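> For reference, the sequence and a predicted model appear below.
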There are 2 protein chains.
Amino acid sequence: MPSKLKTLSQTMLAALNEEMRSVLQSSGAQPDPFYGMIHYHMGWVDEQLQPVQVYPGKQIRPLLCLLTCQAAGGDWRQALPAAAAIEILHNFSLVHDDIEDASPTRRGRQTVWQIWGIEQAINIGDAMFALAHLAMNRLIERGVPALVVVQALRRFDETCVHLTQGQYADMDFEQRDGVSVAEYMAMIEGKTAVLVSLAAELGARIAGAEETAVTHYAQFGLELGLAFQVKDDILGIWGDETLTGKSAATDITTKKKTLPVLYGLEHSVDLRQLYAQDLVDETFVTQVIEQLDACGARAFTENKASAYSEGSIDHLHAAQPGGDAGAALHELTNMLLQRNS
Amino acid sequence: MPSKLKTLSQTMLAALNEEMRSVLQSSGAQPDPFYGMIHYHMGWVDEQLQPVQVYPGKQIRPLLCLLTCQAAGGDWRQALPAAAAIEILHNFSLVHDDIEDASPTRRGRQTVWQIWGIEQAINIGDAMFALAHLAMNRLIERGVPALVVVQALRRFDETCVHLTQGQYADMDFEQRDGVSVAEYMAMIEGKTAVLVSLAAELGARIAGAEETAVTHYAQFGLELGLAFQVKDDILGIWGDETLTGKSAATDITTKKKTLPVLYGLEHSVDLRQLYAQDLVDETFVTQVIEQLDACGARAFTENKASAYSEGSIDHLHAAQPGGDAGAALHELTNMLLQRNS
């Protein structure tokens, strides 16, 4: 029996990409360097604005939105504007993040600011932010009631504010010591989890689901996003480099402030002393890993990941997703939670 | 008899600022450095986030929105969310423009990026962009019908895209020669006029005005914005420095590509030769002004300004604004069009 997820996601993502191209189209007939920069970032054209095919990423968020809408009793096609909006919003945030993090490449290609400069990259990000809203606005054309559209837009923008608060905290943490576990959890909630949560919530809202189901879907997405991010932190230290594609313990050699490290710094004097030293060599890595095990940081982080994973699955069950889309939603969730790369 | 404009604008701008403070309020009880940066830019706090009173600018756009709503038969209080959204949007664009133009100061204060760095300034601008949308969303709480809110949001975001296209063109023009008068007009339409137009249009839409009246108000705002900008170009060359506060002919000494200069470069070989030289001294200024007069650039620009001014007033008459707000709208328009500083 073919996977429900595979069958549905092929149809849904094809329609998603059509919707996005329609929103991000220049109104003029001539080739337009303004929209060209957007199309480059989306992976549709190269630096000379010639058509290319680039892997667009997993598009998990929009897929979640579409599957949730269908599983909550709606028609996934009605949610296409919201799914497109979420994916364009995510891409907008990458354009600005790349400037803020001074990242020269993304998915093996030069970033927008590297090619066209910081000034134009800020501005083209702003354009994409506005276009993400115009994508949302098309819900009305799909017959979604106006009041639901207004409510969906409010949740969309509340999430945008939350995303910028997460990004603020992330940048702030790099500048200072003494970041607490609680602060870190609030940061990853803003940076990652709220957008996953929004995807599921909007799918359910557009389906016209009861408020209880909407809340379960939103919480399912939130804990899924948190579980995913915490697992990322585990893989960054204990991941198998043949699977992750990154060198082992990369988050230790870069002294990245991830959850196990912050827990360790809160609970282990030895770890604090280790992190105070400048030298980062193999001994340092071995000693840090020993300390993280000894002070319970690894167990704490793995427990957190399990708790969010279970919470996510519990809320998904409670939401009672139906049909093939419901099955696909369970499949996608398990796939995301069982990641080892 | 006291000026209708003065009386109404005092009441309206007080309510506007209350509305903006309510939208831009942190939800937490503690002082919040994230919202602190926004409040700094709005002129509500100083660099240490202590309360200050700073002149907020003329707030022409929100005032236009509120006056139009009332003059078109609505209740201006219903338009407060849109007026606040437009003013916050304008302020967001200033935060990003200041980075893009590398401006260290604005209204005599350090710019946000100068104090907190480019990375945080990009992000806080993004937050303000999202908050401007949340301001708009409050229309629903004021009893504006949901379908009107969705339509207003669509026009809001179409205008945002247009603004970024104007900013794109402005930055692009600095990098190249041979900018045409037509390209320049399209640029100032995007950078300045569309937001003035939106202010009037939304006021009329929220009032529930007929589509014909809405179109007249939008066109009134558009031509008002264009007239204002073209007059700015005239003042930048022929303005009285005792009135403008800038040194005379400042746009010539900086070789800024404004409308009269672009017209001159299209029509005068002598001017093209002058602009090709590196030396910018008093003789250069005198010669450029002579050429601009000789080739008809001054007359062309003044005619443009007059045409837009008249067009603006014609559309305002056609829209038939009523009551004290209608009188105030005429007063404001005349004040803006008779500017000599």
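Happy to help now that I have it.
> Please make it C-alpha for all contacts and neighbour counts, starting now.
Will do.
> where do the strands sit along chain A?
A:105-106, A:109-110 (DSSP state E).
> Relative to chain B, which of those is closest?
Across these, chain B has its closest neighbour in strand A:105-106 (17.4 Å, Cα to the nearest Cα).
> list the contacts for A:A72?
Residues near A:A72 by Cα atoms under 8 Å, 6 or more residues apart in numbering or on different chains: A:203-204, A:207, A:209, A:320-322.
> related to what we said a few turns ago, could you look over the strands of chain A and pick the most buried one?
The highest average neighbour count among the strands of chain A, using mean count of other Cα atoms under 10 Å in any protein chain shown, belongs to strand A:109-110 at a mean of 15.
> Sheet partners, orientation included, of that one?
strand A:105-106 (antiparallel) (DSSP bridges).
> can you list contacts of the strand it pairs with?
Applying Cα under 8 Å, 6+ apart, the contact partners of strand A:105-106 are A:T111.
> Ok, stretch A:126-142 next?
So stretch A:126-142 is contacted by A:20, A:23-24, A:38, A:78-82, A:84-86, A:88-89, A:91-92, A:146, A:149, A:153, B:126, B:150, B:153-154, B:157-158, B:160-161, B:164-165 (Cα under 8 Å, 6+ apart).
> distance between it and the chain's centre?
How far stretch A:126-142 lies from its chain's middle: 19 Å, per Cα atoms, centre = their mean, to the nearest Å.
> May I have it as PDB, with CA atoms only?
This file holds the C-alpha atoms of stretch A:126-142, laid out as PDB (Å, rounded to 0.1, in the frame of the first residue of the first chain):
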ATOM      1  CA  ASP A 126      10.200  43.600   3.200                       C
ATOM      2  CA  ALA A 127       8.500  43.100  -0.200                       C
ATOM      3  CA  MET A 128       8.200  39.300   0.500                       C
ATOM      4  CA  PHE A 129       6.700  40.100   3.900                       C
ATOM      5  CA  ALA A 130       4.000  42.200   2.200                       C
ATOM      6  CA  LEU A 131       3.500  39.600  -0.400                       C
ATOM      7  CA  ALA A 132       3.000  36.900   2.200                       C
ATOM      8  CA  HIS A 133       0.100  39.000   3.500                       C
ATOM      9  CA  LEU A 134      -1.300  39.300   0.000                       C
ATOM     10  CA  ALA A 135      -1.100  35.500  -0.200                       C
ATOM     11  CA  MET A 136      -3.200  35.300   3.000                       C
ATOM     12  CA  ASN A 137      -5.700  37.800   1.600                       C
ATOM     13  CA  ARG A 138      -6.500  35.400  -1.300                       C
ATOM     14  CA  LEU A 139      -8.400  33.200   1.300                       C
ATOM     15  CA  ILE A 140     -11.400  35.400   0.500                       C
ATOM     16  CA  GLU A 141     -11.300  34.300  -3.100                       C
ATOM     17  CA  ARG A 142     -11.500  30.700  -2.000                       C
END
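> can you pull the contacts of the residue nearest to A:M171 when sequence neighbours are not counted?
In space, and not counting its chain neighbours, A:M171 is closest to B:Q120: 7.7 Å by Cα to Cα, 6 or more residues apart in numbering or on different chains. Taking Cα under 8 Å, 6+ apart, we find B:Q120 in contact with A:100, A:168, A:171, B:113.
> Is the first one in contact with B:A121, as I believe?
No - using Cα atoms under 8 Å as the test, A:E100 is too far from B:A121 to be in contact (9.6 Å).
> more neighbours, these two?
Each of A:E100 and B:A121 has its neighbours counted (other Cα atoms under 10 Å in any protein chain shown); B:A121 has more, 25 against 20.
> wait, isn't that one in contact with B:W113?
Yes - with contact defined as Cα under 8 Å, B:A121 counts as touching B:W113 (5.0 Å).
> Common neighbours of those two, please.
Common contacts of B:A121 and B:W113 (Cα under 8 Å, 6+ apart): B:95, B:99.
> that older thread, for the strands of chain A, give me CSV that also has mean pLDDT and distance to B:A327.
Output for the strands of chain A, formatted as CSV (pLDDT from 0 to 100; distance: least, Cα to Cα, whole Å):
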stretch, mean pLDDT, distance to B:A327
strand A:105-106, 94, 56
strand A:109-110, 96, 56
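> Of the contacts of stretch A:126-142, which belong to helices?
A:20, A:23, A:38, A:80-82, A:84-86, A:88-89, A:91-92, A:146, A:149, A:153, B:126, B:150, B:153-154, B:157-158, B:160-161, B:164-165 (DSSP state H).
> Need the contact partners of stretch A:193-206.
For stretch A:193-206, the external contacting residues (Cα under 8 Å, 6+ apart) are A:61-62, A:64-70, A:72, A:74, A:76, A:78-79, A:82-83, A:86, A:144, A:148, A:152, A:155-156, A:159, A:162-163, A:213-215, A:217-226.
> Show me which residues of chain A sit near chain B.
A:34, A:96, A:99-101, A:118-120, A:122-124, A:126-127, A:130-131, A:133-134, A:137, A:140, A:146-147, A:149-150, A:153-154, A:157-158, A:160-161, A:164-165, A:167-168, A:171 (Cα under 8 Å from any Cα of the partner chain).
> Near A:S27, how many other residues are there?
A:S27 has 8 neighbours, counted by other Cα under 10 Å.
> nearest spatial neighbour of A:A83, skipping sequence neighbours?
A:P62 (4.3 Å).
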